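J.: got a sequence here, can you build the structure:
(one chain, ligands or ions: 2)
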Amino acid sequence: MTLETPIEYVKGIGSERAKLIKNVLGISTVDDFLNFFPIRYLDKSQVFTVSQLQETPNEVQLKGKIIAVQEIATGKMKRLTAKFQDATGTLDLVWFQYSKWLKEQLPVNQEVYIFGKLNLFNQQFSMPHPEIEAVESKNNDTRLQPLYPSSEKLTKRGMSQKYFQNILKTICREIPQLIEENLPEELMKSMKFLSRQRTYVNIHFPKNQLFYEAANRRLKFEESFFFQLGYALKKLHHKTQSVGNPFSIVGDHFVDFYENHLPFELTNAQKRVLKEIRTDMKKPIQMNRLLQGDVGSGKTMVALLTMLIAMDNGFQSCIMAPTEILAQQHYNGIKDLLKDTRVKVSLLTGSVKTSARRIIHEELENGELSILVGTHAVLEDKVKFKNLGLAIIDEQHRFGVAQRAKLWAKNRIPPHILVMTATPIPRTLAMSFYSDLDVSVIDELPIGRKAIITAHRKEKDRNYVYQFCHEEIRKGRQIYFVYPLIEESETLDYKNLMEGLEHVMDNFSNYNVTMLHGRMKPAEKDAAMNYFASGNSQIMVATTVIEVGVNVPNASVMVIESAERFGLSQLHQLRGRVGRGAEQSYCILMTSDKLSKESRTRIKTMTETNDGFKISEVDMQLRGPGDILGTQQSGVVDFKKLDLVNDGEIIQITKKLVEKILEIDPHLTRIEHQIIKNFYLKNYKGKNKWSKIS
Ligand code: ADP
Ligand code: MG
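T.: Residues are numbered from 1 along each chain as shown. Ligands and ions are numbered 1, 2, ... in the order given. Next up, the predicted model:
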């Protein structure tokens, strides 16, 4: 038997079963079988006493005696109970289905081991259908027993857990010496890994819990390591970095603004991120950086300071937002910050008039204009820059790769690119899977922010919610009501929104209510937004158009209707529309009474945390990493052992390790790296679906 041997030749399988196993489990070689990992184990290595019992989903083992057996009949139902006793107490054993034979054969007053799951009823443990084994006849193999993922189809054909255990026993007996090491000795030592042979034996038949953990850790490590290696090799050798304009100095524009016009002290995170960007832009290589920061973490200021550095180096910048409203807001904000400087800023969106547009085009081409704020309109071919050195994209998820490419083409030497997003993807994902972007994170909010209070309310609480809103308005605050928007059924949503609007108007008849939705013309949207922002109306009823970036500091209550219909990151974005001023803010999640388990988790997460990164991790747990990264990449994250949500540490260690190795040995030519290289070439290169990524 070798690793490549087809499974039909393994003792006890044969061609018929081999076919079935292949169909159901996708296993065709001995090697596949070795990599068919148990989902859990039965642990007979420990013996508990009755006094130690506590709730656990797993089986437990006890040693003692059966002291009495009794048959109990209730109506037509019969059950068999037995009293089990050890030095610390007693436990009822129960059979709901049993044979006469069992009743007669129960070993009363003999030393036995019992093994099974516990049942808790009325504070009382019992053990239904235990396995019983006489102490003297017990086999002394205390290893954990593997349980494999199987299916009814296989069980029905006689391939039980026992069957798989036996096959793997055979394989683990004959094969280990053929399993080759794939990590350098030094690493094995420093990480205190089990040898690869022992790893496989112990993942199937762990000597005890510790050995299981050691084997498991090594397998996760390997998986992450070789994944990262493949990834890094590709990045290193297949992706040529583009030439970029080095921004070698920090000059007057930056310094003057930083010293004289900065309205607040930067947070440490802002400073750190700025340094990372600065270091990147100094190089004659194009920057491609993703800036992640929770809503309200102050990304705009980082963007502005970055643009001032570009200007100091003689280059123009542009910043693009996904909607007119956002572009307008950025423009207002940036203009305000720069009002005491001589830096020239303009706004370019689809609704800018031709005459104004002509001036902008001119000033861009002759270099008079330093900073352009805009929407997709910036990408149009007519828009030509004298020397675009930096392009910033806000809220990245709405811009595609093609659009980024258009930006590149705006200058002979492509501009540095900074992509800003407030929908953080979990750190582990970002670190491992953004091949073409480096990642900076603002992980700190400006001090003095009041955390938003989030509450979950149901239809029956609606009157209280309205009362609460009335009180807030009386205090001078403003309120958002947001309705879900699902693209497939725009008509229905429009109807929802209209009904909602009517309802709100009925209940808040003495106030001004503004409406905002996707079907309005840009100018209408702007007017509505401005009307609300300037305090002329107290309530805004909207669809998710307001999701991203909208900034009205006086708005302190966000009511989200049918909150169960929103995804987690969307809820978090919406909540970020409040909590922008000095007042305590609230987010109220209105839902129907009945919620699915997943909706409940989403709502609960929202009420428990304001941390966007935590939220994105829960989101990943709920939806799976594939969904978050986008469908075409979902195959990327089919790991056997590695868990992207919980194995962040391993991912980080392996990433650093790979970087270190490739830095000194980019082609893996050193002798001590042959072991890695050979394994990689044999098992990963070309075969993996990861090659889809880059
Ligand atoms: P986001 O990261 O969501 O785009 P913004 O850039 O809109 O956040 O910033 C949110 C608010 O916080 C703005 O009003 C901004 O002026 C303010 N802000 C940014 N940085 C700081 C800071 N270091 N200290 C105090 N306030 C800040
Ligand atoms: Mg923003």
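
J.: what about the residue lying closest to D438 once chain neighbours are set aside, how many neighbours?
T.: With C-beta to C-beta, 6 or more residues apart in numbering as the criterion, D438 has its nearest non-adjacent residue at 4.9 Å, and that residue is R289. The way it works is simple: take the backbone N, C-alpha and C, and place the C-beta from them, glycine included. Using other C-beta atoms under 10 Å, R289 has 20 neighbouring residues.

J.: surely R289 touches M420?
T.: No: using C-beta atoms under 8 Å as the test, R289 is too far from M420 to be in contact (9.5 Å).

J.: could I get the longest strand that the chain contains in CSV with only the CA atoms?
T.: In the chain, with assignment by DSSP state E, the single longest strand is strand 60-74. Output of strand 60-74 as CSV, limited to C-alpha atoms (Å, rounded to 0.1, in the frame of the first residue of the first chain):
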residue,chain,number,x,y,z
VAL,A,60,-18.8,10.6,29.5
GLN,A,61,-17.4,7.5,31.1
LEU,A,62,-17.9,6.3,34.7
LYS,A,63,-16.8,3.3,36.7
GLY,A,64,-18.9,1.6,39.3
LYS,A,65,-21.7,-0.9,39.8
ILE,A,66,-25.2,-1.4,38.7
ILE,A,67,-27.1,-2.1,42.0
ALA,A,68,-30.7,-2.5,40.9
VAL,A,69,-32.7,-3.0,37.7
GLN,A,70,-36.4,-2.1,37.3
GLU,A,71,-38.9,-2.2,34.5
ILE,A,72,-41.4,0.6,34.5
ALA,A,73,-44.6,0.7,32.6
THR,A,74,-46.6,3.8,31.9
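
J.: where does the stretch 451-600 of the chain dip in pLDDT?
T.: Applying pLDDT under 70 to the stretch 451-600 of the chain flags residues 485-495, 547-549.

J.: and what of the chain?
T.: 139-142, 237-241, 396-401, 423-437, 485-495, 547-549, 624-638, 685-694.

J.: quick check, the residue in it closest to ligand 1?
T.: G298 (2.8 Å; C-beta to the nearest ligand atom).

J.: give the contact list for that residue.
T.: Counting by C-beta atoms under 8 Å, 6 or more residues apart in numbering, G298 makes contact with 266-267, 270, 442, 445-446.

J.: among these, who's most crowded?
T.: When neighbours are counted by other C-beta under 10 Å, I442 leads the contacts of G298 with 26 neighbours.

J.: touching, that residue and V273? I think so.
T.: Yes: if you go by C-beta under 8 Å, I442 and V273 touch, sitting 5.5 Å apart.

J.: common neighbours of those two, please.
T.: In contact with both I442 and V273: 291, 293, 302, using C-beta under 8 Å, 6+ apart.

J.: tally up the residues packed near the nearest residue to E136 once chain neighbours are set aside, please.
T.: Spatial nearest neighbour of E136, excluding adjacent residues (C-beta to C-beta, 6+ apart): E111 at 7.5 Å. Neighbourhood size, E111 [other C-beta under 10 Å]: 13.

J.: how much space between the residue of the chain closest to ligand 1 and P263?
T.: 11 Å (C-beta to C-beta, to the nearest Å).

J.: where does the residue positioned nearest the centre of the chain sit: helix, strand or coil?
T.: The centre of the chain sits closest to M620, judged by C-alpha atoms, centre = their mean, with a distance of 3.4 Å. In terms of secondary structure, M620 is helix; the call rests on DSSP: H, G, I helix; E, B strand; the rest coil.

J.: which parts of the stretch 201-350 of the chain sit against ligand 1?
T.: Where the stretch 201-350 of the chain comes near ligand 1, counting by C-beta under 6 Å from any ligand atom, the residues are 264, 266-267, 270, 293, 295-301.

J.: give me the angle between the helix or strand containing V94 and strand 60-74.
T.: Element membership of V94 [criterion: DSSP states H and E] is strand 89-95. Between strand 89-95 and strand 60-74, the angle comes out at 60 degrees (axes from the mean of the first three to the mean of the last three C-alpha atoms, to 10 degrees).

J.: in terms of secondary structure, what does the longest strand of the chain contact?
T.: strand 77-86, strand 89-95, strand 111-116 (3 or more C-beta pairs under 8 Å, 6 or more residues apart in numbering; DSSP states H and E).

J.: at 6 Å instead, please
T.: Contacts defined by 3 or more C-beta pairs under 6 Å, 6 or more residues apart in numbering; DSSP states H and E place strand 60-74 against strand 77-86, strand 111-116.

J.: give the buried residues for it.
T.: Residues of strand 60-74 classed as buried by neighbour count (16 or more other C-beta atoms under 10 Å): 60-66.
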